[in-house]
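> Pasting the sequence and the predicted model now:
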Amino acid sequence: MSSKLAKIEKRTAYLLILPSVFLVFSIILFPIFSNIWISFKNVELKDLRIPEPRAKKLVKSIKDNPNQIKIIYKLRNSSLTQEITNVKFKDKYPNNIEPTNLDKRCLFKSNLLKCELGNWPKKYRENLEIVFQNTKNKEILKNEIKSYKPKLSGKSQNILLTYEFTLNNFKKVINDKAFIDLLSTTFYYTFFGTIGAIVFGILAAQMVNQKFFGRTFMRSVLLFPYVAPVVALAYTWELLLDPTSGTLNNLLINYQIIDGPINLLGQKYVTLNILGFDFKLRLALTTVIIFEIWRYFPLAFLFILARLQAVPKELYEAADVDGANPIQKFLNITLPQILAVISILFMIRFIWNFNKFEDIFLLTGGASGTRTLPINVYQQGFSIGDIGMGSAVSIVIVVFLLIFMFIYFKLLGKRADEN
Amino acid sequence: MKIKNIFTYCFISSLFLFSLICIWKILVTLQGIELANFNFNKLFTFGIVLCLINLLIGKKLNLNIKITILALLFSIFDYFISINLPIWYSFGIFLISLFFFNNIKDYDKNFLSKNHSSQKLFFNFLTLFGITLFSFVILFPFYMMLITSFKTQALLLLNPLDFSINFARGLPELFKSYFVVFKDYNFGRYMLTSTIVSLGTVIITLIFAIPAAYAVARLNFFGKNFLSTSILIIYLFPAIVLVIPLYTIFSQLGLRNSIEGLLIVYTATTLPVAIYMLQGYFKSIPKELEEAGIIDGQNWLGIIFKIILPLSLPAISSVALYVFMIAWNEFLFSLMFLDRPNTFTLSRAIQFLNVGAETPRQYLMAGSVVVTLPILIIFVYFEKYLVSGLTAGSVKG
């Protein structure tokens, strides 16, 4: 009896999870694996269109002969690169007409015309002309003839399904001179974006954790940048930082802090003179990182605040008795308590910043030294149009991602053991 | 009482007061008023004098009267050294100094003779200053977005630092950009598409996720542990690695430029987190309730609909709001999949406006306000639910 119940339970469970599993598999897992397939192929954006046989139907009356009518089919292969094999043609006509000059490839049977047009090489074009004769004494209606649309079918090779593979994409990715630069930009962006977000998150959480007027409102406000749509925020920042009419530059010039406008999003390097040494700072990248920090510190803030509110008050009271100063309290009580949250937060944010696409894309489009791996996927795949290359870069991202995930789950497991 | 402590107290307090005044002055400049300078020397010295007076009076006077008098003194002083400014400017100064003296009213000789008093003082001010600065830095871009949308091209070019709203122009003039955006740029249609896509994603996600989450939370089956760990792993895969294969597949299936295509992708990408969040909540519902249901002769569907769903409404609302937010804000897939203007979502439409070269920026900002406002209103109104959604789903971002 119980085994029967268990069986029913199992069956119900599978029934309940099947739709979700199927959807996630086909939209997330399957694409990740097909990335591997595509990355070994030489596919370009223009190859994605499946070649189609097409026909344009023109109906022309013949001068001095109202009993005959000429129909011209302008046939063509839509693809400029691939051939179509075994093209078949089908069309229908009104009952009162019959063809007079039938092509050898065609067959007319009770107002249906069927043709076997064979193989069409790439860029193929042909005009098929047929003259029709009126058989019954009814008028030939041009519009009726036009209302039937010819149907064509043919087989073509789908470039994605062939078994031709190449290693060229990966060779190109690895041998690219800019690859090292690409990686270092990505890591620079990811690392400083993550650290910055966490540092500001801790600061904000420390502040909001004290009692003051308007605290709940403050908590909402701090989350605004994270909740609002990235498109709106990125464009607002772009206007804010604009070199000619942006608020920031005008403000700084107004107070004579800088002499001339600085193109914060369009200038690759800026030379800073600190203590007599010249530093080259990657300006656009730094600006993008600041945007990143501005947008994502709320998340760190949310996590750390939740943890801070769980720290027992007695610890601080004991520290007061011992005469500890605020800095000592922070270093010896608060920091150890939130360290676990910070380490997990760091990993999560690191993984997500590593894959961040929208922010940079909208702010700079990857120009002036802000090209990261995800931006490169887009540029290779859609700006240059080399789908195979784009996939190969995606694979590089996935490999890094798997490494980070491994570390993350190790860390998570360790935390679980400790508790 | 140490002289050192008094010195740091005066110095830090006055500096803090001056920074607050500075922020106010910058805000005032943005309202189109020209300020000659910040008067650092005079204001700072006078601040120190007032802080000392505050210390000397201590608690001999009613505290409210004390802070009012001190604030008045400061505002009058500021009024005389900065000439020709409107009255609301001085009123602002008065409010700020009121706020400031309210914060230092409790400090007297006794407090300063305690241990670490200067450090405590410093951190108190740092917190206050931090809160002001953080609010300013966060809210300013939003404020700018709103103000720019109320301007005309000419006004924007005339003075880029003028952030005031001139109500004398009349409401139809003020909201002109919004009329243009809705009428000429078809934003009504995009808004409808965005709403349909977001609500559709929420509904479909819930329909798929609730049964699956229930199965993972309650039923025993082979591969359950594997499934619940893979949910998290799948969730960590970003959209950017899915984009190329999905683009190729969708182009060949003809699913690009269709709302159905977007719905499928959004649902699939939000499903893992929805299942993850819901199953956690389902596990917290006592099993006895379901057992009672089984005894009453309910089948699995009956249990889900009559027992689990009503009990987990809070969790379902957080999931729904979170998914709505993701779908409404989503940009990458809408950029890839939509290239015909009649299928655009709001985010994609704004990006299209920006790429389309010569779009005046007040229209761009009006569009940005249109896409931002609904989500912020929803967030403020349902904050409790959304915050728990954000916390649970924050592995993604």
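Structure received. Residues are numbered from 1 along each chain as shown, chains lettered A, B, ... in the order given.

> Mark out where each domain of chain A begins and ends.
By the assignment in automatic domain parsing, chain A contains the domains A:52-161, A:170-418.

> Let's see the pLDDT reported for residue A:148.
Confidence at residue A:148, expressed as pLDDT, is 82.

> circling back to that earlier point, give me whichever of the domains of chain A is most buried.
Among the domains of chain A, domain A:170-418 has the highest mean neighbour count (mean count of other Cβ atoms under 10 Å in any protein chain shown), at a mean of 18. Quick note: C-beta positions are derived from backbone N, CA and C, even for glycine.

> what are the pairing partners of the lowest-mean-pLDDT helix or strand in chain A, and which direction each?
Across the helices and strands of chain A, mean confidence by mean pLDDT, DSSP states H and E is lowest for strand A:269-274: a mean of 76. Take DSSP bridges as the rule and strand A:269-274 pairs in its sheet with strand A:277-282 (antiparallel).

> pull the CA atoms of the strand it pairs with into PDB?
Presented in PDB, the C-alpha positions along strand A:277-282 are these (Å, rounded to 0.1, in the frame of the first residue of the first chain):
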ATOM      1  CA  PHE A 277      54.700  61.000  -9.700                       C
ATOM      2  CA  ASP A 278      52.600  60.800 -12.800                       C
ATOM      3  CA  PHE A 279      49.800  58.200 -12.700                       C
ATOM      4  CA  LYS A 280      47.900  57.100 -15.700                       C
ATOM      5  CA  LEU A 281      44.300  56.500 -14.600                       C
ATOM      6  CA  ARG A 282      41.900  54.800 -17.000                       C
END
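
> about what we covered before: which of the domains of chain A has the lowest average pLDDT?
When the domains of chain A are ranked by mean pLDDT, domain A:52-161 comes last with a mean of 80.

> tell me how far the ends of it are from each other?
This stretch, domain A:52-161, spans 17 Å end to end (Cα to Cα, to the nearest Å).

> Return the distance of that domain from the chain's centre.
Taking Cα atoms, centre = their mean, to the nearest Å, the mean C-alpha location of domain A:52-161 is offset from the chain mean by 42 Å.

> who in the stretch 151-300 of chain A is up against chain B?
With Cβ under 8 Å from any Cβ of the partner chain as the criterion, the stretch 151-300 of chain A meets chain B at residues A:158, A:160, A:203-204, A:206-208, A:210, A:212, A:218, A:220-233, A:235-237, A:239-240, A:245-247, A:250-251, A:254, A:294, A:296, A:299.

> mind listing what residue B:174 touches?
Counting by Cβ atoms under 8 Å, 6 or more residues apart in numbering or on different chains, residue B:174 touches B:150, B:165, B:167.

> my bad, should have said residue A:49
A:78-79, B:251.

> So what touches stretch A:10-23?
Contacts to stretch A:10-23, defined as Cβ under 8 Å, 6+ apart, come from residues B:208-209, B:211-212, B:214-216, B:219-222, B:224, B:227, B:264, B:267-268, B:271, B:275, B:300.

> buried subset of those?
B:208-209, B:211-212, B:214-216, B:219, B:221, B:224, B:227, B:264, B:267-268, B:271, B:275, B:300 (16 or more other Cβ atoms under 10 Å in any protein chain shown).

> List, out of those residues, those positioned next to chain A.
Among those, the ones lying near chain A by Cβ under 8 Å from any Cβ are B:208-209, B:211-212, B:214-216, B:219, B:221, B:224, B:227, B:264, B:267-268, B:271, B:275, B:300.

> quick one on the thing from earlier: ok, of the contacts of residue B:174, which one's closest to chain A?
Distance to chain A, by Cβ to the nearest Cβ, is smallest for residue B:150 among these, at 14.0 Å.

> Any buried residues in stretch B:229-238, and which?
B:231-232, B:234-238.

> Which ones among those lie within helices?
In helices, judged by DSSP state H, the following of the buried residues of stretch B:229-238 are found: B:231-232, B:234-235.
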